[in-house]
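[1] Compute the structure for the input listed below.
(one chain, ligands or ions: 2)
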Amino acid sequence: MKLLSVGVVFVLVPALLPALDPLSASLFMGGAAITWQLFSSHSWLKCRLLECCNAKDTLNFSVVKTDLERKVFGQHLAVQLILIALSTNIHSKRPKKPLVMSFHGWTGTGKTFVSSIIAENLYQPSTSRRRFVHHFDTALHFSHASHVHLYKEQLQDWIRGNVSACPRSLFIFSEMDQMPHGLIDSITPFLGYHEEMDGVYYGKAIFIFLNNAGGDKITEIALDYWRSLKGREDIPVKELQHLLSKEIFSNTNSGFFQSQLIQKNLIDYFIPFLPLEYEHVKQCVREELRAQGHPEDEDLITEIALAMTDYPSEERLYSSKGCKTVASRVTLST
Ligand SMILES: Nc1ncnc2c1ncn2[C@@H]1O[C@H](COP(=O)(O)OP(=O)(O)OP(=O)(O)O)[C@@H](O)[C@H]1O
Ligand SMILES: [Mg+2]
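    Ligands and ions are numbered 1, 2, ... in the order given. Presented below is the predicted three-dimensional model:
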């Protein structure tokens, strides 16, 4: 019977596997899923037979804080909320539910960048990140709307198997706005308040969703504040979070359209990424020049930042691409 369960997992997974990196895939095939199926109630046996994660793998909070505050420009709201979210989960001995954050904002505002900073600092440098960090690119991994049923089962198996082996697993779902309708609700059971489910404890897992949906709403609010001569620092984060949850629930292209995850309040934090202004783009250009080993040419910095701040067409206050094309512009101009 047990062998049969292993076989079921084995059969279901291949359609998802080719899209994931080979090491994660083989670890999953050889490790987590089978481990979960065979030894779910014998964690000591599980850890003797297979590589397991333990408490010393946990995030170095002060490093992540310094990195976010130093490297991320113009996102004081996002950084502030993410630090609260991480510290609450990480400093709790046995969190009641996994940490679930949904990042929203225009392209190039730093959503993927911030999630990489978290992923890089979540574990000790000596441990292989591939064992813990699972990145799903919706456009790549869930591209066929007709396969939703299969994806649902694979996603559940993947999460269950990996959290079983590594409780502090990080799951990042990018391009949520392209997620087939209903797919994300398949992970609802894992995100709720449960002591354990089938012998697996999910409270230390972290889920991050990256989404362009809600970006226009965030920009609209930021612009209203600017037009009424108030700073972006004055935007009340609670109000923005509430508006975001409403917006993405009713937006058919958000991946969360009428989603149970929102209905059941399982997303702990809606994180707004504000549109980037001229000064922030300048900071990105400066950073990129440094990274590419060029001197900080003030004229070039101003030229690129001016060209990129294009929205709204009259005021030209924000960069509609954020800092996304900064690297290529610097390469072309140097
Ligand atoms: N707020 C920021 N602070 C510093 N650098 C940034 C910021 N936003 C973007 N960048 C730079 O621009 C690059 C592209 O940004 P990133 O990929 O994080 O955008 P994104 O919000 O994920 O966009 P998309 O919605 O298109 O996926 C980053 O790798 C980083 O170098
Ligand atoms: Mg991104």
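
[2] in stretch 79-91, what counts as buried?
    Val79, Leu81, Ile82, Ala85, Leu86, Asn89, Ile90 (16 or more other Cβ atoms under 10 Å). C-betas here are computed from N, CA, C, even on glycine.

[3] Could you give the number of residues near the residue in the stretch 101-250 of the chain positioned nearest to ligand 2?
    Residue of the stretch 101-250 of the chain nearest ligand 2, by Cβ to the ion: Thr112 (3.2 Å). Using other Cβ atoms under 10 Å, Thr112 has 18 other residues around it.

[4] any idea of the pLDDT on it?
    At Thr112, the model reports a pLDDT of 97.

[5] Leu77 and His242: what is the separation?
    14 Å (Cβ to Cβ, to the nearest Å).

[6] er, His181 actually
    23 Å.

[7] Specify which residue of the two has the higher count of neighbours.
    His181 (15 against 12).

[8] Skipping adjacent residues, who's closest to the more buried one in space?
    Phe257 (6.0 Å; Cβ to Cβ, 6 or more residues apart in numbering).

[9] part of a helix, is that neighbour?
    No - using DSSP: H, G, I helix; E, B strand; the rest coil, the assignment for Phe257 is coil, not a helix.

[10] which residues touch it?
    Residues counted as contacts of Phe257 (Cβ atoms under 8 Å, 6 or more residues apart in numbering) are His181, Ile248, Phe249, Ser250, Asn251.

[11] correct me, but Thr156 touches Asp185?
    I think there's a mix-up here, since residue 156 is Gln and not Thr. No - using Cβ atoms under 8 Å, Gln156 is not in contact with Asp185, being 11.1 Å away.

[12] What ranges does the stretch 1-150 of the chain have for its strands?
    If you assign secondary structure with DSSP state E, counting those that start in this stretch, the strands in the stretch 1-150 of the chain sit at 99-105, 133-137.

[13] residues of the first one that come out buried?
    In this case it means strand 99-105. In strand 99-105, counting by 16+ other Cβ under 10 Å, buried: Leu99, Val100, Met101, Ser102, Phe103, His104, Gly105.

[14] More neighbours: Gln156 and Asp185, which one.
    Counted by other Cβ under 10 Å, Gln156 and Asp185 do not tie: Asp185 has more neighbours, with 18 against 15.
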